[in-house]
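Trainee: What follows is a predicted structure for the sequence shown.
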Amino acid sequence: MARLLPAILLALAGCANTQAQGVAPQPGQVLASGTVPDEATKASVLTRLRELYGDDKVVDQISIGQVAMPANWNGYVQKLLSPDLKQISRGQLKIDGTTVSLRGEVANEAQRQKIASDVATSLNPTYTVNNGLRVSSSEQGILDSALANRTVEFESGKATLTPAGRAILDEMIRAMQKVKGRKVEIIGHTDNVGLRATNLGLSQARADAVKAYMAANGINGDLLSASGQGSDRPVAGNDTPEGRARNRRIEFRIAQ
């Protein structure tokens, strides 16, 4: 019977695909999950992460279980929890026994190569490293800077843009003109109040409204796509008014 090995999964700085209890990590935050053999190993991982990110930025979802620790596993984990992690956004570090997988976005190719090299040289040959790091799209940075974490506002429960919402979209239109020729995904999101099917429909309608507004104001509609995710991809907890407000948002992504 195969032995169960310890595993740690870190969701780094705004990764939208790994969630615990329905909440994705926020910018600058790291979510730690997985199974380790004892409290001492868990404590050492959390202590190191809190040194890197700050006490309030580490979300602990690590559990204790009956797993077989490879030789010096905790020592290698400590080497992997280096300041280089803070240079990665929208990513993950997964340490599954002696298999290490790293993915996410970094600022430039030199940074990508250095992080990959540092990871490889910190481990012994029994470890396998899967490097999925990629360089952030400069075009995406233009869109992110223009939106600046603001919320495109709509009338309550409707897909009708408010004047403030249209003003933000006017800025986004100018940003899109700088990435001329690139396809852009417009993604609508809601909080979790109400039925999921209703939220999916509302988020789709709002994304469609944004697409229509941009197409009517100088952006080639053939380069735009619109989709609704409802409440399935929160960026904050839905248990406070502030969190719900952050989840009611429009996202703009350069199509890959």
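Mentor: That came through fine.
Trainee: I'd say residue 98 and residue 130 touch.
Mentor: No: if you go by C-beta atoms under 8 Å, residue 98 and residue 130 don't touch, sitting 11.9 Å apart. To be clear about C-beta, it is placed using only N, CA and C from the backbone, and glycine gets the same treatment.
Trainee: need the longest helix for this protein.
Mentor: Ordering each helix of the chain by length in residues (DSSP state H) puts helix 196-215 first.
Trainee: re earlier: between residue 98 and residue 130, tell me which one has more neighbours.
Mentor: residue 98 (17 against 10; other C-beta atoms under 10 Å).
Trainee: ok, now which ones touch the more buried one?
Mentor: 5, 70, 73, 126-128 (C-beta atoms under 8 Å, 6 or more residues apart in numbering).
Trainee: Can you give me the distance of it to residue 224?
Mentor: Per C-beta to C-beta, to the nearest Å, residue 98 is found 45 Å from residue 224.
Trainee: List the buried residues for the helix or strand residue 110 falls within?
Mentor: Taking DSSP states H and E as the criterion, residue 110 maps to helix 109-121. Residues of helix 109-121 classed as buried: 111-112, 115-116, 119 (neighbour count, 16 or more other C-beta atoms under 10 Å).
Trainee: Show me which of those is closest to residue 174.
Mentor: Checking the buried residues of helix 109-121 against residue 174 with C-beta to C-beta, the nearest one is residue 111 at 29.0 Å.
Trainee: which non-adjacent residue is nearest that closest one?
Mentor: In this structure, residue 111 finds its nearest non-sequential neighbour in residue 87, 5.9 Å apart by C-beta to C-beta, 6 or more residues apart in numbering.
Trainee: and the one you found, what does it touch?
Mentor: With contact set as C-beta under 8 Å, 6+ apart, residue 87 has these partners: 106-107, 111, 115.
Trainee: Need the max-distance pair from those.
Mentor: For the contacts of residue 87, and using C-beta to C-beta, no pair is farther apart than 107 and 115, which are 10.8 Å apart.
Trainee: so where's the chain shaky on pLDDT?
Mentor: 1-3, 13-28, 256 (pLDDT under 70).
Trainee: Strands of the stretch 1-150 of the chain, start to end?
Mentor: Using DSSP state E, counting those that start in this stretch, the strands of the stretch 1-150 of the chain run over residues 7-12, 30-36, 58-64, 89-96, 99-106, 128-135.
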